[in-house]
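1. Need a 3D model of the sequence below.
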Amino acid sequence: MKFYLSSYKIGNQPDRLMAMIPRNNKRTAYISNAMDVTSNVQARGVREREDMSDLRNLGLEVEKIDLRDYFGKAVDLESALSPFGVLWVCGGNTFVLRQAMRLSGFDVIIHRFRDKDLLYGGYSAGICVLAPTLKGLHLVDNPNLKPYGEELETIWEGLNLINFSIAPHFQSDHPESEDVTKEVDFCKAHNIPCKPLRDGEVIVIE
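-> I've put the predicted structure just below:
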């Protein structure tokens with residue numbers, strides 16, 4: 001598995017992104033469950049269409065996959081995701097996204113895919129969730145939002161697919177930038193390896 005981790009949207013290395021497409025498999029699963037707490041359905045729809053349009057403009061074949069359709073159906077989700085060459089996970093609330101990944105079994109499936117010729121890409125919450133821990137992100141994202149049931153506990157463990165935390169929107173023209181600085185300071189104080197990313201910047205792992 002390869003990783004293209006952008007602070008915001010596609011980022012400044014689209015050519016690098018396209019060069020990482022496995023075996024020219026441009027089928028892309030677009031996952032937007034980090035926005036499941038968005039009350040403005042119209043605004044969410046606009047953002048999803050913009051994201052998918054950005055990816056299609058690069059030449060990718062994009063299909064939306066809603067993890068809510070697979071809650072309690074991990075076998076079906078694994079089957080649904082298997083044909084894709086790219087998984088693109090967008091921003092929103094990292095804790096909500098992590099909850100959706102657990103309820104659908106995505107958090108287990110993605111580890112089974114580690115040895116596949118697959119590109120995991122995304123931005124903001126979609127990349128923050130890859131870390132070993134989500135501690136520090138509570139200063140940016142509300143950890144207490146429970147769109148899938150108030151009885152569910154906040155998950156503080158990340159997917160542990162990378163060995164550091166990421167702080168997107170660092171020192172950027174973004175409404176969360178001030179809180180991201182607090183996140184970076186928290187990580188330093190608690191010895192959590194953390195890489196700040198300014199909007200436009202990308203981390204590539206091959």
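
2. residue boundaries of the helices in the chain?
-> Under the criterion DSSP state H, helices of the chain are mapped to 14-19, 41-57, 74-81, 94-104, 106-112, 125-128, 177-189.

3. mind giving me JSON lines with those and columns for mean neighbour count and mean pLDDT?
-> In this view, the C-beta of every residue, glycine as well, is placed from N, C-alpha and C. Rendered in JSON lines, the data for the helices of the chain read as follows (neighbours: other CB atoms under 10 Å; pLDDT from 0 to 100):
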{"stretch": "helix 14-19", "mean neighbour count": "14", "mean pLDDT": "96"}
{"stretch": "helix 41-57", "mean neighbour count": "14", "mean pLDDT": "95"}
{"stretch": "helix 74-81", "mean neighbour count": "16", "mean pLDDT": "98"}
{"stretch": "helix 94-104", "mean neighbour count": "24", "mean pLDDT": "98"}
{"stretch": "helix 106-112", "mean neighbour count": "18", "mean pLDDT": "98"}
{"stretch": "helix 125-128", "mean neighbour count": "27", "mean pLDDT": "98"}
{"stretch": "helix 177-189", "mean neighbour count": "17", "mean pLDDT": "95"}
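
4. any chance of these in TSV, with distance to Gln171 too?
-> Converted to TSV, the helices of the chain look like this (distance: least, CB to CB, whole Å):
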stretch	distance to Gln171
helix 14-19	22
helix 41-57	23
helix 74-81	35
helix 94-104	19
helix 106-112	30
helix 125-128	17
helix 177-189	6
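
5. Between the ones you listed, which one is closest to Gly136.
-> Ranking those by their distance to Gly136 (criterion: CB to CB) puts helix 177-189 first, at 4.5 Å.

6. Can you show me the CA trace of that closest one as CSV?
-> Included here for helix 177-189 are C-alpha records, laid out as CSV according to Å, rounded to 0.1, in the frame of the first residue of the first chain:
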residue,chain,number,x,y,z
SER,A,177,-5.2,26.6,11.9
GLU,A,178,-5.2,28.2,15.3
ASP,A,179,-6.4,25.0,16.9
VAL,A,180,-3.9,23.0,14.9
THR,A,181,-1.1,25.0,16.5
LYS,A,182,-2.5,23.9,19.8
GLU,A,183,-2.5,20.3,18.6
VAL,A,184,1.1,20.5,17.6
ASP,A,185,2.1,21.9,21.0
PHE,A,186,0.1,19.1,22.7
CYS,A,187,1.9,16.5,20.7
LYS,A,188,5.3,18.0,21.6
ALA,A,189,4.4,18.2,25.3
